[in-house]
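Peer 1: Provided below for reference: sequence and predicted model.
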Amino acid sequence: MAERRLSTAKGEAAVAKRAAASSLPVIAVLNDRWRVTFDPLQWILEVRKSRGDAKSTGWRGRRFCTTRTVLIRDVHELCGDVDPNALAVLERLPEKHPHYAPRVR
């Protein structure tokens, strides 16, 4: 019985994780397939894989960036035609993600 509860807990955690991922704040919509969101550690370049369903939003993180320079480089590398206004928003971001702190070993 404990094994059954564990798998249910894992399933609930996965659902909560997907729900949290779908509610990440959007910084810029680059085009109909690409957007930039963020979480407390990084900016996330996401691609729409599908229109989504009950289990998924359809968005998948492709690149996870802690610097503006790398984010903009990845946008040019992956996203094709990008809305100039969205690119201007990215160019106004700080050079480093505000909450990123590199690990000290």
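Peer 2: In hand now; what should we look at? Computed from a predicted structure; not experimentally measured.
Peer 1: Quick one: neighbours of the residue nearest to residue 96 when sequence neighbours are not counted, just the number.
Peer 2: In space, and not counting its chain neighbours, residue 96 is closest to residue 67: 5.6 Å by CB to CB, 6 or more residues apart in numbering. Bear in mind the C-beta positions are built from the backbone N, C-alpha and C, glycine included. Residue neighbour count, defined by other CB atoms under 10 Å, stands at 16 for residue 67.
Peer 1: same question, the one 5 residues further on
Peer 2: Here the number of neighbours of residue 72 (other CB under 10 Å) works out to 17.
Peer 1: just residue 89 next, same as before
Peer 2: Counted with other CB under 10 Å, residue 89 comes out at 15.
Peer 1: cool, residue 68 as well?
Peer 2: The local packing count at residue 68 equals 17, with neighbours defined by other CB under 10 Å.
Peer 1: How about it, nearest residue that isn't a chain neighbour?
Peer 2: In space, not counting the residues next to it along the chain, residue 68 is nearest to residue 93; the distance is 4.7 Å by CB to CB, 6+ apart.
Peer 1: Please report how far that neighbour lies from residue 64.
Peer 2: Distance from residue 93 to residue 64, counting by CB to CB, to the nearest Å: 15 Å.
Peer 1: List the residues that contact the residue nearest to residue 68.
Peer 2: Residues in contact with residue 93 (CB atoms under 8 Å, 6 or more residues apart in numbering) are 27, 43, 68, 71.
Peer 1: which two in those residues are spaced the farthest apart?
Peer 2: Looking at those by CB to CB, the two members farthest from one another are 27 and 68, with 11.0 Å of separation.
Peer 1: burial of residue 90, as a residue count?
Peer 2: 18.
Peer 1: Does it touch residue 28 like I think?
Peer 2: Yes - applying CB atoms under 8 Å, one finds residue 90 in contact with residue 28, separated by 5.9 Å.
Peer 1: what residues are shared contacts of the two?
Peer 2: Residues touching both residue 90 and residue 28 (CB under 8 Å, 6+ apart): residue 36.
Peer 1: All the strands of this structure, residue numbers only.
Peer 2: Assigned by DSSP state E, the strands in the chain fall at 26-29, 34-38, 43-48, 59-65.
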